[in-house]
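K.L.:
got a sequence here, can you build the structure:
(2 chains)
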Amino acid sequence: GNSVTQMEGPVTLSEEAFLTINCTYTATGYPSLFWYVQYPGEGLQLLLKATKADDKGSNKGFEATYRKETTSFHLEKGSVQVSDSAVYFCALSGSQGNLIFGKGTKLSVKP
Amino acid sequence: DTEVTQTPKHLVMGMTNKKSLKCEQHMGHRAMYWYKQKAKKPPELMFVYSYEKLSINESVPSRFSPECPNSSLLNLHLHALQPEDSALYLCASSQERKYQETQYFGPGTRLLVL
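P.N.:
Numbers count the residues shown, from 1 in each chain, chains lettered A, B, ... in the order given. Model (predicted):
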């Protein structure tokens, strides 16, 4: 069945460091891929998405490219800020219109 | 505007109480979802409504009763809950319930059952 595997944290970085959070998926067909972010005490916010192979989603300095050959959708940011501290979820669209989530990666950015 | 609103933000209830959670969206979306999220876990799907009809019930206990009175509103009625039901309850909506649609989430209701 469809599934998402993402690196488990926590990930701790210093401000202005480079961020990569790995996400790989198993799916039949051509799902959409998403990154959601959850700040402490809040709901999920859509960070970026990609709907087909080689699409690059980007938002607020974050980027991820839909790689079908490696079944990956890694999240990257060139220079993280303290305000980026949150839990990041990789997800794919299921065949019933549901979302299949990874386990989440907690990011802490220190000043 | 991609806003989904949820009320209340926090709720404390006893095991014999009846309460309701409310979710609203004005984006013209025709699919709405309830998720349950325990601490340090991803959200788990509970219910899906499509065009105001229940289309998915992920084997949720009957003490949770969803209702979709109209295309903009989704309720979750709670009765005789257990302490293990304490969690963050998230509502989401999408244009349609179909493959590749983007879901937009509300801020959640944090529920504590005593």
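
K.L.:
and residue B:59, how many neighbours?
P.N.:
Neighbourhood size, residue B:59 [other Cβ atoms under 10 Å in any protein chain shown]: 5. Backbone N, C-alpha and C define where each C-beta goes, glycine included.

K.L.:
swap in residue A:51?
P.N.:
There are 15 residues near residue A:51, going by other Cβ under 10 Å.

K.L.:
now do residue B:112
P.N.:
Residues lying near residue B:112 (other Cβ under 10 Å) number 12.

K.L.:
go on, residue B:11?
P.N.:
18.

K.L.:
the one 5 residues further on now?
P.N.:
When neighbours are counted by other Cβ under 10 Å, residue B:16 registers 8.

K.L.:
repeat for residue A:92
P.N.:
Look at residue A:92: counted by other Cβ under 10 Å, it has 22 neighbours.

K.L.:
do you know how far it is from chain B?
P.N.:
For residue A:92, the distance to chain B equals 10 Å [Cβ to the nearest Cβ, to the nearest Å].

K.L.:
would you mind writing the CA trace of stretch A:61-73 as CSV?
P.N.:
The C-alpha coordinates for stretch A:61-73 follow below in CSV (Å, rounded to 0.1, in the frame of the first residue of the first chain):
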residue,chain,number,x,y,z
GLY,A,61,12.4,29.8,1.3
PHE,A,62,11.6,26.1,1.5
GLU,A,63,11.8,23.9,-1.6
ALA,A,64,11.1,20.3,-2.5
THR,A,65,11.3,18.5,-5.8
TYR,A,66,9.1,15.6,-6.8
ARG,A,67,11.5,12.9,-7.9
LYS,A,68,9.8,9.9,-9.3
GLU,A,69,13.1,8.0,-10.1
THR,A,70,14.1,8.0,-6.5
THR,A,71,10.5,8.2,-5.0
SER,A,72,11.6,11.2,-2.9
PHE,A,73,10.4,14.6,-1.9
